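**Student:** Here is the input, now give the coordinates:
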Amino acid sequence: MNVFYDLQGKMRKPLLLGELSSLINKETVSMFNLLMKITPTWNAMF
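**Tutor:** Sure, this is the predicted structure:
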């Protein structure tokens, strides 16, 4: 039972890291898109 749990834990960690990195990537992309929307407005002001 403990061995199975450890095996599952080891198998589950990379998945969680992958989900976390994909979430960070999505956040980064949305922030980048937001900057791309703001920048032309910012440039137009000056």
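**Student:** CA atoms for contacts and neighbours, from now on please.
**Tutor:** Fine.
**Student:** what are the ranges of the strands in this structure?
**Tutor:** When secondary structure is read from DSSP state E, the chain shows no strands.
**Student:** all helices of it, in order?
**Tutor:** 2-45 (DSSP state H).
**Student:** what residue ranges in the chain score low on pLDDT?
**Tutor:** The model of the chain has pLDDT under 70 over residues 1-16, 42, 46.
**Student:** at 90 instead, please
**Tutor:** The chain contains residues with pLDDT under 90 at 1-27, 31-46.
**Student:** Flag every buried residue along stretch 19-27.
**Tutor:** Buried residues in stretch 19-27, counting neighbours by 16 or more other C-alpha atoms under 10 Å, are absent.
**Student:** Check stretch 26-34 too.
**Tutor:** Buried residues in stretch 26-34, counting neighbours by 16+ other C-alpha under 10 Å, are absent.
**Student:** got the CA coordinates for that stretch in PDB?
**Tutor:** Output of stretch 26-34 as PDB, limited to C-alpha atoms (Å, rounded to 0.1, in the frame of the first residue of the first chain):
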ATOM      1  CA  LYS A  26      -1.200  31.000 -19.700                       C
ATOM      2  CA  GLU A  27      -0.900  33.900 -17.200                       C
ATOM      3  CA  THR A  28       2.300  35.100 -19.000                       C
ATOM      4  CA  VAL A  29       0.500  35.000 -22.400                       C
ATOM      5  CA  SER A  30      -2.500  36.900 -21.000                       C
ATOM      6  CA  MET A  31      -0.200  39.500 -19.400                       C
ATOM      7  CA  PHE A  32       1.700  39.900 -22.700                       C
ATOM      8  CA  ASN A  33      -1.600  40.300 -24.600                       C
ATOM      9  CA  LEU A  34      -2.700  42.900 -22.100                       C
END
